[in-house]
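A.B. asks: Fold the following and give me the result.
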Amino acid sequence: MMKIKKMTEKLVSNSHSRCSKFIILRRLFLASRIALISFLLIFFQATASAKVEYISIGTGGISGVYYPTGGAICYLVNKIRVIDNIRCEIKSTPGSIYNLRALKDKNIDVVVAQSDWQYHFYQGTSLFKEQGEFKKLRSLFSVHSEPFTVLARKDANIKSFEDIKGKRVNIGAPNSGQRATMEMLLDLYGWGDADFSEITYLTPSEQAQALCDKKIDVIIYVVGHPNSSIKEASSACQTTLVNVTGPKISKLIKTLRYYEAVNIPGGMYRGSPNKTETFGVGATIVTTTDLPEHIAYEIVKAVFENHDTFVQLHPSFKDLSKRAMVSQYLSAPLHPGALRYYKEVGLIKDDIDKVAVKGEPLGHVITNAE
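C.D. replies: Numbers count the residues shown, from 1 in each chain. Sure thing, here's the model as predicted:
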């Protein structure tokens, strides 16, 4: 009887022990679940607060310089600086006119645009007279010079800009800066469609082959150099770059501050051993007041802190200095995010947001901040 009692007590004791262990394990399990749920809540809250912001850059045709310019900026933002929660993506577009209108319509966040059309868009003049001024336009920085480029087939016997009259001329695709600038020159010279054998509206990727296939006699292009489309044409057939000079051009440069006298170095393209004199504009990076300040700041910082890398990403950038990128070609005010960075690093000393258009004095710009 005693033996049975002891066995019963042992069984009860073991049962209590197992129950205690089960309770402890259950409590541990519940505690771990609570900890896991808490962790996941914190994680998802952090993820929600760290939502990725996608920034689009409108550029141009893939054979031009605008497309690699946008690519260079996005490369520095995405790969080099690795900015948390900001991702940059490039979009190929028809060019400056399209870019500026898309910027206003909030279809693109940042664009590359010719300095002349940036000026007109901000002021509401020329092509943008009907829409009126757009005072929300803001500058980030400028990049390369863009000469007004005339490339002719040698057998077309075009020696000067005036010689294109009566020829088959490609003036560029609709909504491109090159076409808009050419149309301005047509007005300046008093020329119309009837003054040419044919006017075409080919894209940069189409014009080289058309020239060498003798479908057109001359290409009009506003672009940084060296350029792949010009190189393609000059390598495939006999071509020559044409000077764009004379009293009308000189007056244009003197009167309109967003134009300047420039030249294309000799020997850059086959068939053009001597420098080519012309006028030009600048490529600019612009946005609107809708772009958050911290994003504008990070974009500018990514480019300027990696300036040595940036200038190696395209031959057109090789002579760019930091000072020139802040002081040239910009007619719209600086974006607050860009201005904050420039003041931090000493590129701009005064609290200003207006900038020069052609390298005119810009407050107290530090000349040795290269």
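
A.B. asks: Now do the contacts for Asn306.
C.D. replies: Leu76, Ile80, Arg81 (C-beta atoms under 8 Å, 6 or more residues apart in numbering). No exception for glycine: its C-beta is placed from N, CA and C like everyone else's.

A.B. asks: which among these end up buried?
C.D. replies: Leu76, Arg81 (16 or more other C-beta atoms under 10 Å).

A.B. asks: now the contacts of Asn306 in TSV, with pLDDT?
C.D. replies: TSV is the format used below for these (pLDDT from 0 to 100):
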residue	pLDDT
Leu76	96
Ile80	81
Arg81	73
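
A.B. asks: would you list every one of the helices in the stretch 151-300 of the chain?
C.D. replies: Here the stretch 151-300 of the chain has its helices, by DSSP state H, counting those that start in this stretch, at 177-189, 204-212, 228-236, 247-255, 293-304.

A.B. asks: What residues sit buried inside the last one?
C.D. replies: When you say that, I think you mean helix 293-304. Under 16+ other C-beta under 10 Å, the buried positions of helix 293-304 are Ile295, Ala296, Tyr297, Glu298, Ile299, Val300, Lys301, Ala302, Val303, Phe304.

A.B. asks: do the same with the first one
C.D. replies: Of the residues in helix 177-189, Gly177, Gln178, Arg179, Ala180, Thr181, Met182, Met184, Leu185, Leu186 count as buried by neighbour count, 16+ other C-beta under 10 Å.

A.B. asks: low-scoring stretches of the stretch 201-350 of the chain, by residue?
C.D. replies: Applying pLDDT under 70 to the stretch 201-350 of the chain flags residues 350.

A.B. asks: so where does the residue lying closest to Ala283 once chain neighbours are set aside fall, helix or strand?
C.D. replies: Excluding the flanking residues, the one nearest Ala283 by C-beta to C-beta, 6 or more residues apart in numbering is Val143, at 4.7 Å. For Val143, the host element (DSSP states H and E) is strand 137-153.

A.B. asks: That strand versus helix 204-212: what angle between them?
C.D. replies: Here strand 137-153 runs at an angle of 20 degrees relative to helix 204-212 (axes from the mean of the first three to the mean of the last three C-alpha atoms, to 10 degrees).

A.B. asks: before we move on, back to that, pretty sure the residue nearest to Ala283 contacts Gly282?
C.D. replies: Yes - counting by C-beta atoms under 8 Å, Val143 touches Gly282, with 7.4 Å between them.

A.B. asks: how long is stretch 318-333 end to end?
C.D. replies: The first and last residues of stretch 318-333 sit 26 Å apart, counting by C-alpha to C-alpha, to the nearest Å.

A.B. asks: residues touching Gly132, list them.
C.D. replies: Taking C-beta under 8 Å, 6+ apart, one finds Gly124 in contact with Gly132.

A.B. asks: Next up, phi/psi of it, please.
C.D. replies: phi 80, psi 180 (degrees, to the nearest 10).

A.B. asks: Show me the strands in the stretch 251-370 of the chain, by range?
C.D. replies: 260-264, 276-288 (DSSP state E, counting those that start in this stretch).

A.B. asks: I'd like the helices of the stretch 151-300 of the chain as a markdown table, with distance to Pro333 appended.
C.D. replies: Formatted as a markdown table, the helices of the stretch 151-300 of the chain follow (distance: least, C-beta to C-beta, whole Å):
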| stretch | distance to Pro333 |
| --- | --- |
| helix 177-189 | 21 |
| helix 204-212 | 31 |
| helix 228-236 | 33 |
| helix 247-255 | 23 |
| helix 293-304 | 12 |
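
A.B. asks: Tell me who's in contact with the nearest residue to Ala173 once chain neighbours are set aside.
C.D. replies: Once flanking residues are discounted, Ala173 sits nearest to Thr203: 4.6 Å by C-beta to C-beta, 6+ apart. Thr203 makes contacts with Gly61, Pro94, Gly172, Ala173, Ser176, as judged by C-beta under 8 Å, 6+ apart.

A.B. asks: Isn't the second one up against Gly177?
C.D. replies: No - the pair formed by Pro94 and Gly177 falls short of the contact definition of C-beta under 8 Å, at 9.2 Å.

A.B. asks: separation between Leu313 and Thr93?
C.D. replies: From Leu313 across to Thr93, the span is 20 Å (C-beta to C-beta, to the nearest Å).
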